[in-house]
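[1] pasting the sequence and the predicted model now:
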Amino acid sequence: MDLVSTRALTTCAVISVAVSVAPWARADESNEQKAERLFREAEQRFDKGEVEAACNAWSDSLKLSPKLGTLLNLALCHETVGRVATAWSEFHRGAAWAAQNGQRDRQEFAHAHAFALEPKLPRIILQFSTERQITTIEIDGEPLPEPEWALPHYLDPGDHIIAVSAPGKKRKAIEIHVLPGGVTAQTVVLPALEDDLSIPPQAPLHPKPPPPPPKPSYTKRYVGYGVTSAGVVALGVGTYFGLRAIGKRDDIGSRCVATVCDAEGAELRDDARSAATVSTVAFGVGLVTVAAGVYLVVTGKTVPREAPKPAAWVSPGPGGVVIGGAF
């Protein structure tokens, strides 16, 4: 399959190649067979003078089964039909491939043909308009990397399409005719792009508004009211037992002389002491609780007007104090 036909390429140096046949057990056996058939078909078409058809057949064969011999035959075919830039590129690839395979004769053959084609290569230089607004360039549908925009581009003689585009602009394509190669490069002026009015203008980007503040939580303030109310209750209890302790002491009277008391006086004295102790503890707890409740109320969120406010009150009553309110 890799043999270069001496009949087809009488004006070219003969390359002696060895036929490379894959084992029949390979998974891509059908592709190998089709590639072999296309290779032989290309030789026959070339002999009949159907050079373009021969180039197409060798190209299809190369896609199915990449072989160095097929690539070199394709390069020779392209050179014959005048596609010098394509042939030049293929010869360079073939020379590198042959060097990697250690095939010096093929490497020298490919280098010699590539060197001979260099003076014949047509080249173009891209020239931008005054405002460089282009972001994409394609030559015959192939994207051109931006680092290569300023370099010479080698193309086959004939017609080519160069397309340019940019975001928000109308894509433009121009057809150029590349003349056979020479010393002078052709300059291609890229067209200026117009605004694409079919694309609605994008609204200016604004930072996202900050999220709404969280809804106020009145839990802390409600707890403060409850704690304050509990403290007031404790103060009321302390007041009640304080008054009771005073009343018990007044009832002792003459029942106790110094530390000696009769039975009723001793009972009144014990009751007074117990009431005084309860009053002291209740006052202490009440003061601390009220202070904590007031702190929670002051540092909590403002309560809406419609929110209920727990309250408590203490007033003296018959035989003690009266505690009331809503909790």
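    Yes, it's here.
[2] confirm that residue 124 sits in a strand.
    Yes: the assignment for residue 124 by DSSP: H, G, I helix; E, B strand; the rest coil puts it in a strand.
[3] how about it, what does it touch?
    Counting by CB atoms under 8 Å, 6 or more residues apart in numbering, residue 124 touches 152-153, 155, 176, 178, 185-188. The C-beta positions use only the backbone N, C-alpha and C, and glycine is treated the same way.
[4] the same query, at a cut-off of 6 Å, please.
    Taking CB atoms under 6 Å, 6 or more residues apart in numbering as the definition of contact, the neighbours of residue 124 are 153, 186, 188.
[5] in contact with the closest residue in space to residue 31 that isn't next to it in sequence, which residues?
    Taking CB to CB, 6 or more residues apart in numbering, and ignoring the residues beside it in sequence, residue 31 has residue 64 as its nearest neighbour in space, at 4.7 Å. By CB under 6 Å, 6+ apart, the residues touching residue 64 are 31, 34-35.
[6] got any ranges where the stretch 51-200 of the chain has weak pLDDT?
    Low-confidence segments of the stretch 51-200 of the chain, defined by pLDDT under 70, are located at 130-131, 183, 199-200.
[7] 50 - rerun?
    Judged by pLDDT under 50, the stretch 51-200 of the chain has no weakly predicted residues.
[8] so where do the helices sit in it?
    In the stretch 51-200 of the chain, helices defined by DSSP state H, counting those that start in this stretch lie at 51-64, 68-81, 84-101, 104-117, listed in chain order.
[9] so which of the ones you listed comes closest to residue 41?
    When these are ranked by distance to residue 41, counting by CB to CB, first place goes to helix 51-64 at 5.0 Å.
[10] so how far is the closest one off the chain centroid?
    Using CA atoms, centre = their mean, to the nearest Å, the mean C-alpha position of helix 51-64 is found 43 Å from that of the whole chain.
[11] list the buried residues of that helix.
    Residues of helix 51-64 classed as buried: 51, 54-62, 64 (neighbour count, 16 or more other CB atoms under 10 Å).
[12] over to stretch 133-147?
    Neighbour counts over stretch 133-147 (16+ other CB under 10 Å) mark 134, 137, 139, 144 as buried.
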